[in-house]
Each structure stands twice: as structure tokens, then as C-alpha cells.
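>>> Here is the input, now give the coordinates:
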Amino acid sequence: MASVNTVTGTKEAADLGKMLIHEHAVMGYPGWFLDNRQPAYRQEKAMAKVVEAFLALRDFGVKSVVDPCPSDMGRDPEFYAELSVKTGINLICATGVYYEAAGNTFTFRHMELEEITEVYVREIEDGIGETGIKAGLIKIATGRGEVTEYERKVITAAAEAARITGVPVLSHTERCACGHEQIDLVTGRGVDPSRLLIGHSDGTEDLGYQTSLAERGVYVGFDRFGLDSEISDEIRMSNLQAMASTGYLDQLMMSHDRVTCWKGGIPRQPPGADLDKVLPNWRMTHIFENIIPELKRRGMTDKDFDTILLQNPKRFFEP
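I've put the predicted structure just below:
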């Protein structure tokens with residue numbers, strides 16, 4: 001049996017149940033506190049909002065959520081643990097950092113690859129800081145265009161840590177760029193492709209790109225449903241169904257990448273903007289309320305979604 005680190009202790013992969021693979025309870029870009037035009041972040045208010053959102057998932061049978069917030073983007077393991085206790089939903093958090101152009105690069109820029117690997121391994125095996133809460137997977141990220149030297153170093157360290165600890169790797173891609181480069185870096189250190197999920201791969205019309213990732217044995221993240229500002233859900237649904245019908249069902253994962261509470265306000269929106277008004281479909285129940293019913297009308301089945309939301313995440317966390 002495969003053991004998985006959750007924020008409230010170790011669970012067996014077989015017990016994780018239906019899972020959303022990429023959601024965020026709270027998150028903030030580096031320096032989020034510098035903009036004093038934004039409403040103040042109040043943790044009690046944030047907790048109440050996130051608890052409400054996560055409780056709504058239980059009505060759809062969701063038992064587990066991965067919050068892969070990087071350590072430089074406002075990650076808060078103790079918040080996650082309290083949230084898990086209050087909602088009964090298993091949460092899995094991550095070690096790892098964001099891509100160079102949007103992350104906090106100062107510390108790791110001046111560390112050797114082996115030192116960064118040690119940091120990741122400690123957060124998986126010993127816990128994050130003094131919390132005792134252990135990361136259950138590693139987050140990697142690249143920006144748009146080419147992989148930078150900094151990104152190459154921290155991703156290689158992540159691959160080394162994954163090889164040492166056996167935890168899986170989940171990625172962020174910008175506009176579906178550099179997915180294959182991520183695969184090369186991670187598998188180049190001996191990590192099996194089945195232990196890697198290339199995230200945000202649904203942000204393109206290019207079914208050929210999505211299929212080419214799956215052909216290399218990785219999981220493909222259709223994990224931004226409801227984020228209509230990037231690409232329409234119609235395209236996401238069409239491409240997901242096409243992949244499912246051509247032999248890649250076992251390599252698909254679904255989620256929203258929803259940020260329920262932003263520290264410091266919503267990026268690229270006016271101070272105090274209401275995300276529910278800006279992107280009304282971008283919520284953690286959208287898949288269950290709208291996407292799955294529509295895809296079932298188009299011919300997909302309950303068994304298909306059992307594979308995507310239950311069986312595939314289970315295999316992803318099994319060494």
C-alpha cells in the first residue's frame with residue numbers, strides 16, 4: 001500500500017477517494033503585502049470563505065484536494081491543516097517554488113542544486129518549518145518561452161528529491177509552453193513519467209500538443225476549468241473528450257486551479273475586485289455542476305469520470 005503525506009497525517013493512496021488535483025485555498029504573489037490599496041488579508045475571514053467552498057465539494061463526493069501552492073506564493077500549511085479538520089477533506093500540500101518571472105528567487109538563486117534538493121527532501125520527510133506538516137508532492141514551474149537557468153536548477157533539484165523520496169511531481173506551465181522540457185528535466189534524473197503531471201495543459205486549442213505529452217507517459221492536466229479568460233471551456237471539453245476516446249483516458253486529470261482567497265488582491269484586477277463576478281464559473285464545484293453533466297450528454301460516462309477523478313490520482317500517488 002502506498003502512503004501519502006496529507007496535512008493532517010499519512011493516508012493510504014487507496015483511501016484518498018475522489019480528488020481535485022489542483023486547487024488553492026489561499027495564495028499571494030511575492031510582495032503581495034506591498035499594495036496598501038488592497039483590502040487587508042484577514043485570516044479568520046479567509047478561513048470561513050474557504051471552509052464554505054470546500055464543504056460544497058463534499059456534496060459531490062470529493063474526499064481529497066491537492067493544494068500545490070509553491071513555498072514562495074503564500075503557502076500556509078497550518079491554514080491547510082485547520083481547513084482539513086474543519087471540512088473533513090484530505091489536503092495534500094507541496095514543496096517547490098514558482099517560475100522565475102513570478103516567484104521569489106533570491107534565496108535559491110544563491111544555493112547549489114544539492115542544497116535545494118536537501119530543502120525539498122526535508123519538507124517531505126521531516127515537515128515544513130516547525131509545523132511537522134509534511135509535503136506530499138513537489139511543485140515545479142516554468143514561464144513562457146524557454147526554461148531559464150534558474151528554473152532548470154530548481155526543477156532538477158525537484159526531480160532529485162522526487163527520486164529520493166518517491167513523491168510525485170506536479171507542474172505549472174505558462175500558456176502551455178515548455179511541457180516537453182519539463183518532462184526531459186524530470187525523467188532525465190530517473191523519475192518515471194507516470195510520476196509527473198504537466199499542469200495547465202488545457203490552455204490551448206492544440207490537441208496535438210496535449211496528445212504528444214500523453215504519448216510520453218505523463219499525466220495531462222485539464223485543470224483550469226472555469227478560467228474563461230484563458231480559453232473557453234468548450235475547447236477544454238472537446239479536447240478532453242477527444243483524448244479520452246483515443247486511448248489517453250488513464251492519463252487525464254481534472255481541476256480548476258481556483259484560488260479561493262487571494263492575499264493582496266486579485267492580480268491584474270482593480271483593488272477589491274470580486275473574483276466571483278470577474279470569473280463566475282471559476283469555482284471548485286464548476287466541474288461537477290456544469291462540465292461533467294455536459295460531457296455525459298456528449299457520451300462520456302460515470303466510469304470515465306471515476307477514472308479521471310479517482311483512479312488516476314490514486315495511481316499518481318502510488319510509487
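
>>> Could I get the contacting residues of the residue lying closest to Leu227 once chain neighbours are set aside?
Distances taken as Cβ to Cβ, 6 or more residues apart in numbering place Trp282 nearest to Leu227, at 5.3 Å, with adjacent residues excluded. Where you see a C-beta, it was placed from the backbone N, CA and C, and this is true even at glycine. Trp282 makes contact with 226-228, 256, 258, 275, according to Cβ atoms under 8 Å, 6 or more residues apart in numbering.

>>> what residue ranges in the chain score low on pLDDT?
1 (pLDDT under 70).

>>> Okay, strands next: where are they in it?
3-6, 9-12, 18-20, 24-27, 62-67, 90-96, 137-141, 169-172, 196-198, 219-222, 252-254, 259-262 (DSSP state E).

>>> what lines up beside the fifth one in the sheet?
Partner strands and pairing direction for strand 62-67 (DSSP bridges) are strand 18-20 (parallel), strand 90-96 (parallel).

>>> how far does it sit from the chain's center?
10 Å (Cα atoms, centre = their mean, to the nearest Å).

>>> how about that strand as CSV, C-alpha atoms only?
Coordinates of each C-alpha in strand 62-67 appear next as CSV, following Å, rounded to 0.1, in the frame of the first residue of the first chain:
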residue,chain,number,x,y,z
VAL,A,62,-14.9,14.8,-3.2
LYS,A,63,-12.7,13.4,-0.4
SER,A,64,-9.3,14.9,-1.2
VAL,A,65,-7.8,18.1,-2.7
VAL,A,66,-4.2,18.9,-3.7
ASP,A,67,-3.2,22.5,-3.0
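
>>> List the buried residues for it?
Residues 62-67 are the ones in strand 62-67 that count as buried (16 or more other Cβ atoms under 10 Å).

>>> tilt between that strand and strand 137-141?
50 degrees (axes from the mean of the first three to the mean of the last three Cα atoms, to 10 degrees).

>>> contacting residues around strand 62-67?
6, 16-25, 54, 57, 80, 89-94, 136-137, 170, 255, 313.
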